[in-house]
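>>> All I have is the shape, not the residue letters:
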């Protein structure tokens, strides 16, 4: 390990580090604009210049590898003069419009100009101006502010895998933008706003809404997909104004999807803020007592087997355990959390988890995707797959629809027969799996939410076992299920599946249509065919006026994920918790409290009165809920049901990335993105691989 001297201190660092990284390790701050830990080194802002003895000129510390015997000075008068000079050049063309810039208060250029810059400007010539670029409905541009750090270009090319940004021209004529004017097509484009060290790229929906010091910041979890990205919710008063990523190396690193970031404007639209009861065919406002009385009157004398409940994709674990307990008290075995009808086996936890873990993707060397398009089903997880691909030595085979996943793939076909061939070792790709040291398979809802989903699941388990994807010796488990719903794993962990003689979602709808199920409780269930509920009495509890609410006979207003302290389990089985950033509007209440109050009105009170007791109940039902923030490995065992697979091709369950849930569907920003994607565009979105 090389030894070098930094500011008079002799330090020993790992080989391969840069001088900047070595300085950071010993606690010395080096200013920078173009350098970012997760992007390739550009070395073009020169703000990180340091003085190295025996070097003929200052060196860019971000691009200089450490060497034995180096002597580095970072805080001499010479270095300070360099930094002031570089900052002066960076500000030559900058408009200095901090008072009207959305980046004001959290701007790297602002902060570093104060800490390292000159006390006045000496440039007397005219400043240049650059025409703004139209990058779509999400990112606002003020390209005159751009300092050409190229972070956005490198992110688009390296992380997002959509090389649509670049620099044209040279010197003072250089401009950053799309080569052919069009909106960015990446599902991760909003991360460029965080990466931009100046105000050149800012959030278009958030423009001129607030200053950072006005916002109350709450650490929380995203629930708009099953990844469980760690986020920070920024609110002012009763309104959520923006959602930003929070660092978690195990889950989302420091990225979030555009849906996570920009759908927050849907939280204040189409909200259910009071109870409603249907009278004479119309929903009319009611008090909580009137709503509960209407439910109690309808349930009076109804036998348990004629009552059913469906939990939606955004339901939290506290609400789901309360729903399960209430249905048990009413004597109903008809409970299900699988709105899409996925044939998941709740009897074995390893059969419905992303066992490799998201971070574990970086260890794999061969991946088989079955019936899934991770780019639109879990954009942040897809970026991990691309990251592993860019590292090299990674092969991806796809059984399903051909799609641009932002990395090179081998399309094996869109026929379930390919799974049978692989399970028998008769497909050419079987040789890749056999030779792999760390193989993995990812099975999506496009394969499992089919009538033959249990057979597909069993066949994929056979593939995992045949090619030794599950090994106790080194703890590797390469079998993975990629969920699309934030509530799915938590619901399965809690056993929100039909009991003995119970009906699943399809059975509940069929029973309601035939009059065999009289009362259906929808806990935020909006993705089902509500037209199939027939003449059943429908109770809808949720926070948005979506499909379920329009069919309801009684509406109970709940709370969105930003408005409650709630537990969710992501696709890899990691238990995480949201925190309340704002209060629900109007009469809305946290969902478990609504169920607790309803149980009193029905004469079957649930045995918990506060959040701590509900969480004790979670742990009582399944001990995994005690390990908050961790992934508890699941023991391997049999799951699925061997049988004949249909010849129908696989199809992704996500038709519109920007409209997968009630919050996104209520968002004007997401509606604009959906319309843009639906419009025909004359462009090519290939990837360099």
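Thanks, I have the structure now. Everything numeric here is computed off the predicted structure, so don't read it as measured data.

>>> Doesn't residue 232 belong to a strand?
Yes - per DSSP: H, G, I helix; E, B strand; the rest coil, residue 232 lies within a strand segment.

>>> so what's it up against?
The contact partners of residue 232, taken as Cβ atoms under 8 Å, 6 or more residues apart in numbering, are 217, 218, 219, 220, 243, 244, 245, 246. For every residue, glycine as well, the C-beta is placed using N, CA and C.

>>> and what of residue 88?
Applying Cβ under 8 Å, 6+ apart, we find residue 88 in contact with 117, 118, 121, 122, 123.

>>> And the next helix or strand past the helix or strand containing it?
Assigned by DSSP states H and E, residue 88 falls within helix 77-90. Following helix 77-90 in sequence order, the next helix or strand is helix 108-116 (DSSP H and E).

>>> could you point out which element follows that next one?
Past helix 108-116, the next helix or strand by DSSP H and E is strand 139-141.

>>> neighbouring contacts of that following strand?
By Cβ under 8 Å, 6+ apart, the list of residues contacting strand 139-141 from outside reads 102, 132-135, 184, 189-190, 192-193, 200-204, 207.

>>> and residue 11, which of the three is it?
Assigned with three-state DSSP, residue 11 falls in the strand class.

>>> With residue 50 instead?
strand.

>>> my guess is it contacts residue 31, does it?
No - the criterion here is Cβ atoms under 8 Å, and residue 50 misses it with residue 31 at 10.5 Å.

>>> Give me the common contacts of the two.
Residues touching both residue 50 and residue 31 (Cβ under 8 Å, 6+ apart): none.

>>> more neighbours, these two?
A count of neighbours by other Cβ atoms under 10 Å puts residue 50 above the other of residue 50 and residue 31, at 27 against 22.

>>> Report the contact partners of that one.
Contacts of residue 50 (Cβ under 8 Å, 6+ apart): 19, 23, 30, 58, 59, 61, 72, 73, 74, 79.

>>> at 6 Å instead, please
Counting by Cβ atoms under 6 Å, 6 or more residues apart in numbering, residue 50 touches 61, 72, 74.

>>> Quick check: the gap between the last one and residue 422.
Read it as residue 74. Note on residue 74: its distance to residue 422, by Cβ to Cβ, to the nearest Å, is 56 Å.

>>> of the two, who's got more company?
Using other Cβ under 10 Å, the more surrounded residue of residue 74 and residue 422 is residue 422, with 26 against 21.

>>> okay but the more buried one is in contact with residue 463, surely?
Yes - between residue 422 and residue 463 there is a contact under Cβ atoms under 6 Å: 5.4 Å.

>>> Quick one: low-confidence residue ranges for the stretch 301-450 of the chain.
Filtered on pLDDT under 70, the stretch 301-450 of the chain yields no residues whatsoever.

>>> Looking at the contacts of residue 50, which are in strands?
Secondary structure from DSSP state E places residue 72 of the contacts of residue 50 in strands.

>>> For residue 455, state which of the contacts of residue 50 is nearest.
Among those, residue 61 lies closest to residue 455 (Cβ to Cβ), at 57.8 Å.

>>> And the closest one, how close does it get to residue 227?
Applying Cβ to Cβ to residue 61 and residue 227 gives a distance of 35 Å.

>>> Of these two, which one has the most company?
When neighbours are counted by other Cβ under 10 Å, residue 61 and residue 227 differ, and residue 227 comes out ahead with 31 against 28.

>>> What residues does that one make contact with?
Per Cβ under 6 Å, 6+ apart, neighbours of residue 227: 378, 380, 381, 570.

>>> Of all pairs in the residues you listed, which one is the farthest apart?
Farthest apart among the contacts of residue 227 by Cβ to Cβ are 380 and 570. That separation is 10.7 Å.

>>> quick one, which of the two is more surrounded?
Between residue 380 and residue 570, counted using other Cβ under 10 Å, residue 570 has the larger neighbour count: 29 against 24.

>>> For the more buried one, which non-adjacent residue is spatially closest?
Excluding the flanking residues, the one nearest residue 570 by Cβ to Cβ, 6 or more residues apart in numbering is residue 228, at 3.0 Å.

>>> since we're on that neighbour, how many residues are nearby?
26.

>>> Repeat that for residue 640.
22.

>>> With adjacent residues omitted, what lies nearest to it?
Distances taken as Cβ to Cβ, 6+ apart put residue 458 closest to residue 640, at 3.0 Å, once the chain neighbours are dropped.

>>> Same check on residue 100?
residue 208 (8.0 Å).

>>> Could you check how far the one you found is from residue 271?
Per Cβ to Cβ, residue 208 is found 24 Å from residue 271.

>>> Neighbour count for these two, which is higher?
residue 271 (20 against 10).

>>> still on that earlier bit, make a ChimeraX selection of the buried ones in the contacts of residue 88.
Command for ChimeraX, covering only those of these found buried under the criterion 16 or more other Cβ atoms under 10 Å:
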select :117
